[in-house]
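In: would you be able to build a 3D model of this:
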Amino acid sequence: MSANVHVPTPPKRVKVYEQIKDEWTDKGTGYCSGEITPDSNEPYIIVRSEENRHEILLKEHIRGEIQFQKQQDSLIVWSNGSNTELALSFQEADGCMKILDFLVFVQKTLAQHISITIITNTDDGEISELIAGPVFFPPDPCVGNLADVHTAIVHLVSFQFSREPLCAFLTGTDYLKKLALVFDQAEAARNLDELHKLCYIIKLLFGLNDCKIVERLIEDGVVIGTIGALEYDPAFPIYKANHRQYFDPKEIFREVIPINDPDVRIKIKQTYRLHFLKDVLARLFEESTISMITSMIYFNQMSVVIALQNSDYFQRLFEIYQGPSSKSKVEQRREGVRFIHSMFFVTKGFQPHQKKLTFSILVEKGMFPQIEFAVADSDRSIRMLGTELLTAMIELDPILLRSYAKSQTENNTNPDNQFTLMDTLVDQFINDSDIGLKFQTLECLKCMLDNPLCNPAILGSYDDNFLTRRIPENTTNLLITKFYERCGKKIFSVLKARAIDQNATTKTTTTATNGLAPPAQRTLYEHVCDLVSFCIRMHGDKCWVCSVEEGAWPGIAALIRGHGSHTVQIAALRTLRQTLAVKYQAYGPELIRSGCIDAIIDVLLKMGNRNNLVNSVCLELLNTIKNLDIYLNAPQISFDPNSVGAYLVKTRRNDLREKLAFAGTAQQLVETVDVLEEAAIAAANGSVPEEVAEAAAAATEIAAREATVAAAIVAAAAMEEAAAVKAMENAASAAAAAASAAAAAITTTAPTIVIASPSPTSPTSPTPPVSVSSSDYCSENNIFTTAEAIASAAATAVASGTGEQPPRFQPGQNLGTQHPEYFAIAATGEFKPSLVPYGDDDEDEDEDEEDDEDEENEEETEEQEEQTPRVIHNSEQFGSRSKVQKSPLKRKECDTPPEPRKTIQEDEPSIECSL
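Out: As a prediction, this is how the structure comes out:
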């Protein structure tokens, strides 16, 4: 139905019929329109003749109780005041709808007693729908006629056209107040039947899903009657609920400070009552009603928060946290914390930008002094609310918290008033016995101490490659400095006390009879280790210096050795691992002196071959020490006798080799340190390391049958080592030795190198490759600048046997930076190739062309193979790529290595390199 009706309606072609003696007679064809006379303001349906527009075929006055029926799509039938049956048959359905809309408009404005019905034919018969008609409002309620009121409302609710007039009637009069008065009378008379009818009526009114009616039902003066009627649910006739006790305004509405805006006060009361309906009385309503109530709650909350933001309310509220406190003022401040916490709970349903704006306004108007009061309060519930406020702020916008902490430190000239929030959080973190509060406080401290330069979005996630990442040092700022000056001692004193008390027995007051610390103390140890690990990663030397000065690391060693739960041991081991990863060489000596390194071996010896998490973490930490020694020493062919790995091998060799023989990691650590030491001694004496020499010798033997693959891989490995050593300013002699080894490996195994020329402009005119002497190509001045060319040679050689595309290298960059898989010199002296060619996505089309060429040359290749002697790989001698033996000096094993070449032509003259 159209909502807009233009009077007069546009004329539509129609036939007029009149029923005479039970037969329909055609009265002519014309154009029909709905009109209202300007003088008498009376509505008419007028049909003018098609042949003579001045001739009127029908002029029907719309009045009285005429019942119009729309049948099919283009027929309107009715009976006028003289009991004459008339019908209009329209040529188009659109014309029928225009007149129907006009009739509905007239019924609502000028002739309320007419009715319009739509009759629809279906397979199950005819369906009649009353779309407009007279509206009879319910009578005034009283005890005795509630059944008639209920019947009238049911009839009005049944039709869509009558709902709007009913809603306007209920909101425009005091009808709902009359119902509340009738409830009081019925309850006073203990008339249970009338009370049940009132409950039905109230549920029907809520079922209208009209916001204005709901607001009238819960307003002052009506809400008690509304809730009271719902207490008498006919579904439980012998029971009565007691909901009205929650609607005493004197007990429910509490203000921390007066709210001056009356509209805000009304909205707050409405929201509370709507919440009660939604949460307590939801069983009585349909889902559509609950959805409407939820929407009303949301918009009420939004309007209340915005109104308070735009007023001076928050500013007046936060002023109560200034100055000295008294007993009465403390209670008022606690109420203020509860109010702000409730408001933050409300804003959870807001849009993110609106929540962020709310936080910003509250911080601007002075919210943080309130949080400081809440976190330091003696009431546990208030401390919990304050911590939850901080946590909510961190989740939404952590910059707000860090900015406040920084400004509080920088802008306050009184040292006693600086850093109060951080001091309070640290005190709560250490002294509070609530485990949940400790964790929340820890997250708040991490947020305030976070270093944006170490954001995972910048550095990448924590994974197995963390050893090769360099974590940036924290920028010097007053906030971090003040933290370690004022709060670091408190935090590290927990670990220092653990070191002093590491030999405590059941006689101490902090240890339970089973040898374990109490739950709160164990949780504190775990969180302190977590915080130390975080600070070491974020702040580096600042945290390290403070922790050493305060004697924290002997405490970490004590926690590793035990006297607590396994979770505490794991937390301490995790801290130790993080510290070693940040600055292995710088922090290692102090960790040795403090006993942390020996504690690892002590735990392994105590655990034995048990299959538990602590044992696994210790073994993983030994593997980390081994990898760090390789990473820092192998490229420079150097050896640090003061490293953690060297210390363990020197002082605990017997334990690592014999008592921990079940752990392969311990054996690998000893072998790795020994190999690094031998290689460094050889390099210092000016000789080629034994591993490089053995690899070159193995490559020479292989080159007799597989010159391209063997020479390329050996050259790539030696070249990478030379390039890496060259970059170290303090390793000139080692660089010269590595360069000589690389040149020797290449010139020995491949006298000639074929270098492909740059790609031609025309693909049909390839440029022939150029052959150069390997001794000239690998001269001392050129060897360090051509690592990418040698690497491409290795990739091309292997790809030629597997059909895969070789990797692309950026000129001028270290080979190991791009593809560390090419480091293929094993510590045992055996040559174990582990080269994996990488394909490029943009070369997929070239692969298709190459496949076509391979098919064309397949027959020719088979003939050449029959005439050429074939050499098959011996996987036991040269190492199958699918089972590469692990080596302490190998940086990375291949995940999915290619299959070895099956045949190699012996007369292949050179290495194919692509610049």
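In: going forward, measure contacts and count neighbours with C-alpha atoms only.
Out: Will do.
In: mind checking the longest strand of this protein?
Out: Looking across the chain with DSSP state E, the single longest strand is strand 23-36.
In: if you count contacts, what does it end up packed against?
Out: The contact analysis (3 or more Cα pairs under 8 Å, 6 or more residues apart in numbering; DSSP states H and E) places strand 23-36 against strand 12-20, strand 43-49, strand 56-61, helix 93-109.
In: what's in contact with it?
Out: With Cα atoms under 8 Å, 6 or more residues apart in numbering as the contact definition, strand 23-36 has outside contacts at 7-19, 42-51, 57, 99, 102.
In: run the angle between it and strand 43-49 for me.
Out: 120 degrees (axes from the mean of the first three to the mean of the last three Cα atoms, to 10 degrees).
In: sheet partners, orientation included, of strand 23-36?
Out: strand 12-20 (antiparallel), strand 43-49 (antiparallel) (DSSP bridges).
In: can you confirm Glu51 is in a strand?
Out: No: using DSSP: H, G, I helix; E, B strand; the rest coil, the assignment for Glu51 is coil, not a strand.
In: quick check: mean pLDDT across the helix or strand hosting Met384?
Out: Assigned by DSSP states H and E, Met384 belongs to helix 380-396. Regarding helix 380-396, the rounded mean pLDDT is 87.
In: and that helix, what does it pack onto?
Out: helix 327-347, helix 352-364, helix 368-376, helix 398-410, helix 435-449.
In: circling back: got the helices and strands packed on strand 23-36 as CSV, with mean neighbour count columns?
Out: Shown next, in CSV, are the helices and strands packed on strand 23-36 (neighbours: other Cα atoms under 10 Å):
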stretch, mean neighbour count
strand 12-20, 19
strand 43-49, 22
strand 56-61, 16
helix 93-109, 20
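In: export the ones you listed to JSON lines and append columns for mean pLDDT and distance to Leu181.
Out: Formatted as JSON lines, the helices and strands packed on strand 23-36 follow (pLDDT from 0 to 100; distance: least, Cα to Cα, whole Å):
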{"stretch": "strand 12-20", "mean pLDDT": "92", "distance to Leu181": "55"}
{"stretch": "strand 43-49", "mean pLDDT": "93", "distance to Leu181": "43"}
{"stretch": "strand 56-61", "mean pLDDT": "91", "distance to Leu181": "45"}
{"stretch": "helix 93-109", "mean pLDDT": "90", "distance to Leu181": "32"}
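In: can I get those in JSON lines with distance to Tyr587?
Out: Below are those laid out as JSON lines (distance: least, Cα to Cα, whole Å):
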{"stretch": "strand 12-20", "distance to Tyr587": "96"}
{"stretch": "strand 43-49", "distance to Tyr587": "98"}
{"stretch": "strand 56-61", "distance to Tyr587": "103"}
{"stretch": "helix 93-109", "distance to Tyr587": "88"}
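In: out of the strands paired with strand 23-36, flag the one nearest Leu390.
Out: Between Leu390 and the strands paired with strand 23-36, the shortest gap by Cα to Cα is with strand 43-49, which sits at 68.8 Å.
In: thinking again about what came up before, mind putting the strands paired with strand 23-36 into TSV with distance to Ser162?
Out: Below are those laid out as TSV (distance: least, Cα to Cα, whole Å):
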stretch	distance to Ser162
strand 12-20	29
strand 43-49	22
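In: out of the ones you listed, which is closest to Lys178?
Out: strand 43-49 (37.7 Å).
In: now the one helix or strand Val264 maps to: mean pLDDT?
Out: Using DSSP H and E, Val264 sits in helix 262-279. For helix 262-279, the mean per-residue pLDDT is 92.
In: residues in contact with it?
Out: With Cα under 8 Å, 6+ apart as the test, helix 262-279 has contacts from 215, 218-219, 247, 253, 259, 290, 293-294, 296-297, 300-301, 304, 307.
In: how about stretch 567-576?
Out: Identification of contacts with stretch 567-576 by Cα under 8 Å, 6+ apart yields 522-523, 525-526, 529-530, 532-533, 556-557, 559-562, 596, 613-614, 617-618, 621.
In: how about stretch 291-305?
Out: Counting by Cα under 8 Å, 6+ apart, 209, 211, 264, 267-268, 270-271, 274-275, 278, 343, 346, 349-350 sit against stretch 291-305.
In: can we see that at 6 Å?
Out: 264, 267, 271 (Cα atoms under 6 Å, 6 or more residues apart in numbering).
In: which of those lies closest to Pro38?
Out: Closest to Pro38 out of those is Lys267 (47.3 Å), distances taken as Cα to Cα.
In: roughly how far does that closest one sit from Thr358?
Out: Using Cα to Cα, to the nearest Å, we find Lys267 at a distance of 19 Å from Thr358.
In: okay, stretch 591-603 in PDB with CA atoms only?
Out: The C-alpha coordinates for stretch 591-603 follow below in PDB (Å, rounded to 0.1, in the frame of the first residue of the first chain):
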ATOM      1  CA  LEU A 591      75.000 -15.900  34.300                       C
ATOM      2  CA  ILE A 592      77.800 -18.400  34.800                       C
ATOM      3  CA  ARG A 593      78.900 -16.600  38.100                       C
ATOM      4  CA  SER A 594      75.400 -16.600  39.400                       C
ATOM      5  CA  GLY A 595      75.000 -20.300  38.900                       C
ATOM      6  CA  CYS A 596      72.200 -20.200  36.400                       C
ATOM      7  CA  ILE A 597      74.200 -22.300  33.800                       C
ATOM      8  CA  ASP A 598      75.200 -24.900  36.300                       C
ATOM      9  CA  ALA A 599      71.600 -25.100  37.500                       C
ATOM     10  CA  ILE A 600      70.600 -26.400  34.000                       C
ATOM     11  CA  ILE A 601      72.900 -29.400  34.300                       C
ATOM     12  CA  ASP A 602      72.000 -30.000  37.900                       C
ATOM     13  CA  VAL A 603      68.300 -30.200  37.000                       C
END
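In: tell me the buried residues in that stretch?
Out: For stretch 591-603, a neighbour-count test (16 or more other Cα atoms under 10 Å) marks 591-592, 594-601, 603 as buried.
In: out of the residues you listed, which is nearest to Ala186?
Out: Val603 (80.3 Å).
In: just the helices in the stretch 451-600 of the chain please.
Out: With DSSP state H, counting those that start in this stretch as the criterion, the stretch 451-600 of the chain has helices at 456-459, 478-482, 488-500, 519-539, 541-549, 553-561, 566-582, 584-593, 596-607.
In: returning to what we had before: need the contacts of stretch 291-305 in JSON lines with distance to Glu335 and neighbour count, can you?
Out: Below are the contacts of stretch 291-305 laid out as JSON lines (distance: Cα to Cα, whole Å; neighbours: other Cα atoms under 10 Å):
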{"residue": "Val264", "distance to Glu335": "19", "neighbour count": "19"}
{"residue": "Lys267", "distance to Glu335": "20", "neighbour count": "18"}
{"residue": "Thr271", "distance to Glu335": "19", "neighbour count": "22"}
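In: which one of the residues you listed is nearest Arg63?
Out: Lys267 (46.0 Å).
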